[in-house]
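Engineer: give me a 3D structure for the following:
(5 chains, ligands or ions: 4)
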Amino acid sequence: MIYLIFRKKRRGAILKRPMRQWRSLGTALLYLGPSLFIFSLFIFYPLIKSFRLSLHTTDLLGAEKQYVGFHQYVDIFTQGHFGQDLGVTLLFTAYTVIPGILISLLLAYIANWKLRGIGVFRTIFATPLVIAVASASLIWMMLFNPSAGVLNFFLQKIGLSSVNWLADPNWSLFSVSLVAVWRGLGFNTIVLLSGLQSVPEQLYESAKIDGAGPARTFLDITLPMLSPTLFFVFIVSVINALQAFGEINILTQGGPAEATTVIVYSIYREAFFNFNFSFASAQAIVLFLVIFLLTVLEFYVLEKKVFYR
Amino acid sequence: MAEVRLSNITKMFGMQTAVATMNLTITDGEFMVLVGPSGCGKTTTLRMIAGLEEPTEGDIYIGTRNVTYLEPKDRDIAMVFQNYALYPHMKVFDNLAYSMKLAGVAKQRIREQVDTAAALLGIANLLDRYPRELSGGQQQRVALGRAIVRQPQVFLMDEPLSNLDAKLRVQTRAELIKLHQQLKTTVVYVTHDQVEAMTMGTRIVVMKDGIVQQVGTPAEIYRQPANMFVGAFVGSPPMQFLRGELSGEQDDAFFKSEGFAIPLPVKGDITFDKRNVSLGFRPENLTFCIATENDWAIPCIVEVVENIGGEALVHARTTGGSPLIVKLTDLETIPTPGEQVKVRAAKGNLHLFDMASTLCVATVKVTA
Amino acid sequence: MAEVRLSNITKMFGMQTAVATMNLTITDGEFMVLVGPSGCGKTTTLRMIAGLEEPTEGDIYIGTRNVTYLEPKDRDIAMVFQNYALYPHMKVFDNLAYSMKLAGVAKQRIREQVDTAAALLGIANLLDRYPRELSGGQQQRVALGRAIVRQPQVFLMDEPLSNLDAKLRVQTRAELIKLHQQLKTTVVYVTHDQVEAMTMGTRIVVMKDGIVQQVGTPAEIYRQPANMFVGAFVGSPPMQFLRGELSGEQDDAFFKSEGFAIPLPVKGDITFDKRNVSLGFRPENLTFCIATENDWAIPCIVEVVENIGGEALVHARTTGGSPLIVKLTDLETIPTPGEQVKVRAAKGNLHLFDMASTLCVATVKVTA
Amino acid sequence: MLANGLRYLVLLLAALVILFPVLYALAVSLESAAESVAYPPVFIPTQLHWESYQKALETAPILRFITNSFIVSAVVTVGQIITASLAAYAFSFLDFPGRSYIFYAFLSTMMIPWEVTIIPNYFTIKELGWLDTYQGLSVPFLASAFGTFMLRQSFLTLPKQLFEAARIDGCGHFRFFLTMVLPLSRPALGTLAVYAFLMTYNQYLWPLLVTNSDVMRTVQIGLSMLQWDQAAAWNSMMAGVILVSIPTALLLVLGQKQLVRGLTKGAIKG
Amino acid sequence: GATKEAPAADTKKPVKVVFWYSLAGKISETTKKMVEEFNKTHPDIQVEAIYQGSYDDSINKLKQSIQSKSAPHVIQIYDIGTRFMIDSKSVVPAQKWIDTDKIDVAKFEKNIMGYYTVDNKLYSMPFNTSTPILYYNKDAFKAAGLDPEKPPRTFEEVAEAARKLTVKEGGKVTRSGMSIAIYGWFFEQLMALQNATYANNNNGRDSLATAVTINGPEGEKILNWWNDMVKEGSAANMGRKTADTQKAFVGGQIAMTIDSTAVLGDIMNGVGGKFQVGTAFMPRPADSKGGVIIGGGSLWMLSGHSDKEEKAAWEFVKFMTSAKQQAYWHINTGYFPVTQLAYDDPDLKKHQEKYPQFKVAVDQLHATPVTRPTQGALLGVFTQARQEVEGAIERTLTGQASAKDSLTKAQDTINASIGRYNQTIK
Ligand SMILES: Nc1ncnc2c1ncn2[C@@H]1O[C@H](COP(=O)(O)OP(=O)(O)OP(=O)(O)O)[C@@H](O)[C@H]1O
Ligand SMILES: Nc1ncnc2c1ncn2[C@@H]1O[C@H](COP(=O)(O)OP(=O)(O)OP(=O)(O)O)[C@@H](O)[C@H]1O
Ligand SMILES: [Mg+2]
Ligand SMILES: [Mg+2]
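Structural biologist: Ligands and ions are numbered 1, 2, ... in the order given. Below you'll find the predicted structure:
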């Protein structure tokens, strides 16, 4: 009886819709399951563990010793140079993200020209991708060498005085940023290029007919159509920049005069050399929160401007 | 306003010839319609004129300039794409305004132009929507609007009305004709709609397999098709053909086929002796004669009768098995399926096509 | 094969109503055509039947099942999209074969089915190409082929022939009718082409602004339009209207307008007293009478003459300024522009529409 | 034509700038110790000195390391492609409650500093008995928020009509995913594959932590074995750098074609 | 679980000893050769030598291993890891076995042993040892009118020589007289050379250090001396990488530098006869009487293994520090032999003839008194301390702050870290 009553009423609206919702959640979990499983085990669980640690003091080997609440968090801001490190980190992000994306965009643009043998150039533009951080840093360390380095050689060739790339606090952050930008070029270019390739040819034709030159076409057609890709590259670049470590560890170790001590590097030092894992954990949690909030903000502000077909 | 001239244009896609040595002069201010079966190279021709496709061979002139290697934007053309190609990320207004913005037209003026075009096309209330929020016909109208807001030397339109309903189509057609008369802009117009071709074109180009079959005014194309293809292609329902032999002599010839013979007063210098020909006539050329004793008539059996408001199509079959369609406008005398009837030519032109070359060798005017 | 029933279907896009409380039963095996102006909700209706769009309100039944919340794949339907939606990474063959592959049909059988469909649609030589290498019409045929290779309960077709040339369209139309007769599958067919609607549909739904205006057989729609909109929408050139007053009484009424009066033998239970009405007639209902002394006729001036092969459209204007189109099939008596003529109804139905409701209040049969 | 010539010039210039560090490293690796530190710098070795490579190959079982890295990277790549594309599919084609929250949770995994996870993960792997195994090297990286995000962005640009056509054709989610989404996203998948592969290939700290024997060691550890802090010449170090980069460079060259090719063209009208 | 295989099988099989080492490249090869040699000569013991990345990597990995009870038997740890190793409470002091075996340590270099002896217990066996020395370009000395056989000994003399050695062309310096890499180790040395401690509680050797003592007059003196040379243009600042100053020295762009004895071979190879290389004692302020601290690494034995294994491990450690092996080690790597007995080795003698420059280093070592300052500091957070000091030097050299302020800032940061460290081991 009751069943019949429900049948008579708009059963779709009343019964089926919510049920469908939950069923769709079930389906979704099937797709998300493998990732969620790995993440839970190897990322969320460690995160929780770290958070616990950050509320304790730890012994020399990193085991919990004593509950101290948020004491470590207070210490972060009162001892050492966390504030300064945060500034350096943000500055590094500014130095790398926007220039990196702009250069990659330019490269992707010229790599998208339809010319014979363009594949060779695409491959070349992608090469920084295949060089590991360690390798890249070593190569650049050689280029940066103050006495025998190629960069200074070129500078002197064109009549400028040489620069103490890594030893001069005014230059060192720029120098490591340069390496980071170079390293990012390969990946960003490829991603942007594949984004460019998925813009329908028709739109370009349309724009040509409408009288748009290359620059306008780029601004009015390419950029909007590329916005999902750009958005992706931007978010990822910011996250990566905020966590940059490899080149700094090898090239400057945070120096000179802390000019390149980014947060991740200082966490590394705290955790692995000062044997103070809980203090490091607290810093890491703070960094995580900073990145997370920043990303949510970016999504909030930017994704509205992204055009999805 | 400018002349458009295609000189020896060929376009290959790989091994596939899309357009073959095409020569065509579209005079200044002309409304030239390209028709032809699907895949015959209409769009490709248009795209070459637009500069979106580079011809494999030959040159294209607009006005006196050789534009073969010029960028589209330097050719001063506007184009309506067969598949619309609207900017998906721009609202309708911006789609329409874009070319003017690029040309640096003042805001105020853009607004006016867009409003005029939108009103003309009945999309004034859609200006604030994105293309994906439009129906197919609405999108097509936006595409059309995008072309007409500009005032280029040449309009290129690729089936711009194909997704519109009859009423809107008639209306838009009229608007386009009016526009053309006002602006006197050269138009190259692709359509598969005969009525459009016939009513709009000052001249028509019929193409097939990348090859131009005939160029002429609508009346020429309809009344004096150059070959069987053109005859069959233009007109709906299409021209009918009966295969047979031509014999006799000038002014006193006979067309013999399937056990009947039709006297045809063929004029002109052609060979007659048992020549293999096809006799072509249009459904509206024919009528029924119930009287059984008439040498001039072709005996048939009625198979299907399609009754479209105002007229009827009678599908019949000759005793020899060839299909025949008769178009009746006098709805009082419609035969019924299964009925035995005789069909004879009543008015208009009959055409004789050589079977080997398919070319038209003679046209005979019939009067009832 | 199944009945399709829409019960109180409404579809909103945001604040925009695309379809409003639609009730429609398409009986098993019927060929139902949806027509209506661009943007009236045809595609939306089709998409709801397909399950691509969830109705805002109402239920959809296929056979006896309520399918409102069923996945498309569980509805046993095939659909031709207005914009083709071919799979760009698959060759034509695979596009056609895809649904059968999914259904686990044997390779051999797939091959056969695809070949049959491709031959039917004249795309047999394109099976090895990618969609981007096809012309517009070719793509549309592939889209059509994709639907017909399956044998679903219901075919949904959204303007499947709009990009085909006349000949191919006639041919494909005939093939589709034949197919329908063979398979007896229910078809819901969207078109803006009257001829298609009239010749193919067993019944026709006329829509406007998301609201169903009339459902009926082609003859009913053409001969007994329910309202002015339907009258004007079906038929090309469309129905003409003259505004005026109805007076007199049953069987002896007069239609007065712009200084002339026409006696109309109206039957039926309607009010007459100086009622504001529109008189509707079709171009082919009219003819010219050169004799000046005839009360029954409407004086006009000829403006434009369109001569389409086989018939002519004469655009005239009444002395009161209303436009009038006369369709002539007798091409010997065409007036010339500027000529003063008189027009009278010669045959077919005349319609009286109430000006307030636009509904048809009476139909009068005329015989010359 | 002229314009094309100019374009080639621009491309060539850009290529030279990008490639310069690598080319110079290559040159230095083939120089003698003295040449490598000479000033002004020597850009083209007077004579090819292969010693550095020879020494590198003797110093560490590089080939074994490369093999290990290849195996682990391949496993991780395949794993990430599978998990990330599945997840991205859910985020772009399924509508389910809490989607954006779960997506943020996914994204957040990218933001966690690695210092946080590396040690607990070491213990997890230890508990599982996976130290010094391929599982230990690869399993923690089988899922990737980065990859999910990237594929989501790519999936979102696929025309909606395709999904509809496929659904009509009787395609369920999974089939659609397999036969439409994946083939049409080849450039994105290719990019992710290369990225995942290289990321794994270039790992240093994690492999160092969870492996103990030369049999299981990976190539970046090999690289660190080739460099000694106080070396006065660049040539041997650069030989190491070039040596470990060769396999990935080859991979890039081979995979380039798949990487960037537009596929959605001509999908639908408009 | 510490329990290994079944004891029955154990008797036949050689005892397995796991040895983690950190030095890469050519040095790593030498290490492996020595291990091979050991395995050949000790059939009942099988040593597995595993490279574990840099010292930093290795010590971190050890940390995890101790916790998860999979630590090796022997590990090579750098000098500044000494405090951590002791505090980890997981080591077997070498003293235990020296006492058991009644080894005579008299012939071991006392300065070297001094570093690793804490609370009168030798914790680890020194293995690879180096000190810094002054390298100079004799040809440049000649060209500048200086006596190449009389290298400068004091800060003042160095500054003076540097000034003379500096060559300018058109306003640009083409050769600097001096350059010192900004490396905390050098600062520590220069402190010890002034007989100053680096940390309180007598360099943390009397009891746990609670603070560093770097911002005293000695520290300031170092920085001022250094900074004056840089400011004046007679010394170049080439950053933290010692490799960079080496390269500049080898390339002739600087005439003097300070670097480890361990790179002598590399420098000689790099110079390859382009000019004559001289070596000298580390410079120090005129009146001071300290000496150098040894640096490098030592071999630690870890607890938690069976006695048998521990014994085997000790055999291995003993072997590695034996005279013959140390001679081989010295010849191939440039590190000091830790035992004087090694100097009797004929190969080593030949080697010393080839590199007479090395003698200076040995002399310098022997001239150093074993005091708290020259024993070196024990700090749990030494890595950070070094980096902070390097930061302080950089701040001074780049004119961001005075020597005093720079050092004070560094000291504060380090002390906070020390505080936290001491907390963790309480
Ligand atoms: N996604 C959408 N968002 C907003 N409005 C929409 C959307 N899709 C359709 N519409 C609107 O709904 C109405 C009905 O659209 P529909 O596509 O059904 O029209 P149609 O009858 O198929 O027209 P046509 O013949 O031009 O294809 C139109 O006014 C259209 O603009
Ligand atoms: N990019 C391409 N690659 C290969 N062949 C192509 C390509 N574009 C068009 N073709 C082929 O060239 C021929 C001409 O195509 P075109 O688009 O000009 O035809 P059309 O006359 O516009 O036809 P329709 O009326 O169907 O749009 C067709 O056979 C088509 O398949
Ligand atoms: Mg076309
Ligand atoms: Mg539609």
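
Engineer: from A:Leu178, how far off is E:Ala255?
Structural biologist: Noted for E:Ala255: a distance of 31 Å to A:Leu178, by C-beta to C-beta, to the nearest Å. For every residue, glycine as well, the C-beta is placed using N, CA and C.

Engineer: do B:Pro37 as well
Structural biologist: Distance, B:Pro37 to A:Leu178, by C-beta to C-beta: 61 Å.

Engineer: ok, now A:Gln84?
Structural biologist: 22 Å.

Engineer: so if I had to pick from those two, which one is more boxed in?
Structural biologist: Taking other C-beta atoms under 10 Å in any protein chain shown, A:Gln84 and A:Leu178 do not tie; A:Leu178 has more neighbours (20 against 13).

Engineer: please name the nearest non-neighbouring residue to that one.
Structural biologist: Closest residue to A:Leu178 apart from its sequence neighbours, by C-beta to C-beta, 6 or more residues apart in numbering or on different chains: A:Trp140 at 7.6 Å.

Engineer: try B:Glu306
Structural biologist: In this structure, B:Glu306 finds its nearest non-sequential neighbour in B:Leu313, 4.2 Å apart by C-beta to C-beta, 6+ apart.

Engineer: quick check: residues of the stretch 201-309 of chain A near chain D?
Structural biologist: Counting by C-beta under 8 Å from any C-beta of the partner chain, the stretch 201-309 of chain A comes close to chain D at A:201-202, A:228-229, A:231-232, A:235-236, A:239, A:242-243, A:245, A:263-264, A:267-268, A:271-272, A:277, A:280-281, A:284-285, A:287-288, A:291-292, A:295-296, A:308-309.

Engineer: which SS class is the closest residue to chain B within chain E?
Structural biologist: With C-beta to the nearest C-beta, the shortest gap between chain E and chain B falls at E:Gly239, namely 49.3 Å. Local secondary structure at E:Gly239 is given as coil here, using DSSP: H, G, I helix; E, B strand; the rest coil.

Engineer: packing partners for the helix or strand hosting the residue nearest to A:Leu178?
Structural biologist: Using DSSP states H and E, A:Trp140 falls within helix A:133-144. Packed against helix A:133-144 by the contact rule (3 or more C-beta pairs under 8 Å, 6 or more residues apart in numbering or on different chains; DSSP states H and E) you find helix A:150-157, helix A:169-197, helix A:246-251, helix D:2-29, helix D:219-226, helix D:235-259.

Engineer: next, count neighbours for the residue in the stretch 151-300 of chain E that chain C sits nearest to.
Structural biologist: In the stretch 151-300 of chain E, the residue that lies nearest chain C is E:Lys241 (52.2 Å; C-beta to the nearest C-beta). The local packing of E:Lys241 (other C-beta under 10 Å) involves 23 other residues.

Engineer: ok, B:Asp330 next?
Structural biologist: Neighbours of B:Asp330 using other C-beta under 10 Å come to 13.

Engineer: measure it to E:Phe186 for me?
Structural biologist: In this structure, B:Asp330 and E:Phe186 are 116 Å apart, going by C-beta to C-beta.

Engineer: ok, D:Pro61 - contacts?
Structural biologist: D:Pro61 is in contact with D:Asp214, D:Arg217, D:Gly222, counting by C-beta atoms under 8 Å, 6 or more residues apart in numbering or on different chains.

Engineer: pretty sure the second one contacts D:Asn68?
Structural biologist: Yes. Taking contacts as C-beta atoms under 8 Å, D:Arg217 lies within contact range of D:Asn68: 6.4 Å.

Engineer: circling back to that earlier point, just send the helices and strands packed on helix A:133-144 back as a markdown table, with distance to ligand 2 too.
Structural biologist: Formatted as a markdown table, the helices and strands packed on helix A:133-144 follow (distance: least, C-beta to the nearest ligand atom, whole Å):
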| stretch | distance to ligand 2 |
| --- | --- |
| helix A:150-157 | 47 |
| helix A:169-197 | 16 |
| helix A:246-251 | 46 |
| helix D:2-29 | 21 |
| helix D:219-226 | 45 |
| helix D:235-259 | 20 |
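
Engineer: could those be laid out in TSV, adding distance to C:Val212?
Structural biologist: As requested, the helices and strands packed on helix A:133-144 are exported to TSV (distance: least, C-beta to C-beta, whole Å):
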stretch	distance to C:Val212
helix A:150-157	76
helix A:169-197	45
helix A:246-251	67
helix D:2-29	58
helix D:219-226	70
helix D:235-259	52
